[in-house]
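Undergrad: Show me how the following folds:
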Amino acid sequence: MAELLKVFEENYKYVCDETRGTIHKKGLWHETFHCWLVDDTNVFIQKRSATKKDFPSLYDITAAGHLQADEEVMDGIREVEEELGIKVDPFKLKRMGFVRDVIKLPGFIDKEFANVFLYHSTFAFEEFTLQQEEVESIHSVSIENLQALFTGEVETITCTDDNSTDITLADFVPHETAYFQAVGEFLSLAKSGGM
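TA: Next up is the predicted model:
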């Protein structure tokens, strides 16, 4: 059965339900849930599975996904639990608002109202049980360094898991510059201890 998502006008007003395939083919606005796991100095990022249809093997948000037609924004918490195998307390999610994010590829236009959340993480690497068809690995990076990468102040940063890996912005899913900048500003809240 085809996956149904809500379609919105550009002002975030609901229009109708449509299949995910049609939405991406026609470039219709729809909702997603983005959750960044952070502590006072670091943020977790995921490396997408090599078998993913969209953006395989690229680095991305800690956990994210499309909201189904019958879901509310907070229902997106299931993405964190499915992809990372951890339980999170919905009352500790810090809603940062939504960011418009458009990714255009041949035959694929992803126009998202990305509902962005921060979650203060006390998780260690060994606590994650990754959904292998979705997530290849999980990494930690300094908030300060990730912000510098997102704003173009640096070209390369180092992330860690069992090893250290140098990555560039080209290694990330190609979100819009405005999305990266907004997330960088949101992460300042975690860095300043304001969560």
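Undergrad: so F33 makes contact with E72?
TA: No: the pair F33 / E72 is not scored as a contact, 10.0 Å apart, by CB atoms under 8 Å. No exception for glycine: its C-beta is placed from N, CA and C like everyone else's.
Undergrad: With neighbour numbers in mind, choose between these two.
TA: Counted by other CB atoms under 10 Å, F33 and E72 do not tie: F33 has more neighbours, with 24 against 8.
Undergrad: what helix or strand does V7 sit in?
TA: Element membership for V7 (DSSP states H and E) is strand 4-8.
Undergrad: between the helix or strand following that strand and strand 4-8, how many degrees?
TA: The helix or strand immediately downstream of strand 4-8 is strand 14-19, counting by DSSP H and E. In terms of direction (axes from the mean of the first three to the mean of the last three CA atoms, to 10 degrees), strand 14-19 departs from strand 4-8 by 150 degrees.
Undergrad: For strand 14-19, which residues meet the burial criterion?
TA: Within strand 14-19, the residues scored as buried using 16 or more other CB atoms under 10 Å are E18.
Undergrad: Whichever helix or strand comes after that strand packs against which elements?
TA: Where DSSP H and E defines the elements, the next helix or strand beyond strand 14-19 is helix 20-26. Applying 3 or more CB pairs under 8 Å, 6 or more residues apart in numbering; DSSP states H and E, one finds that helix 20-26 contacts strand 4-8, strand 108-120.
Undergrad: re the thing from before, pull the residues that contact the strand holding V7.
TA: Strand 4-8 has contacts (CB atoms under 8 Å, 6 or more residues apart in numbering) with 14-20, 23, 28-31, 66-70, 113.
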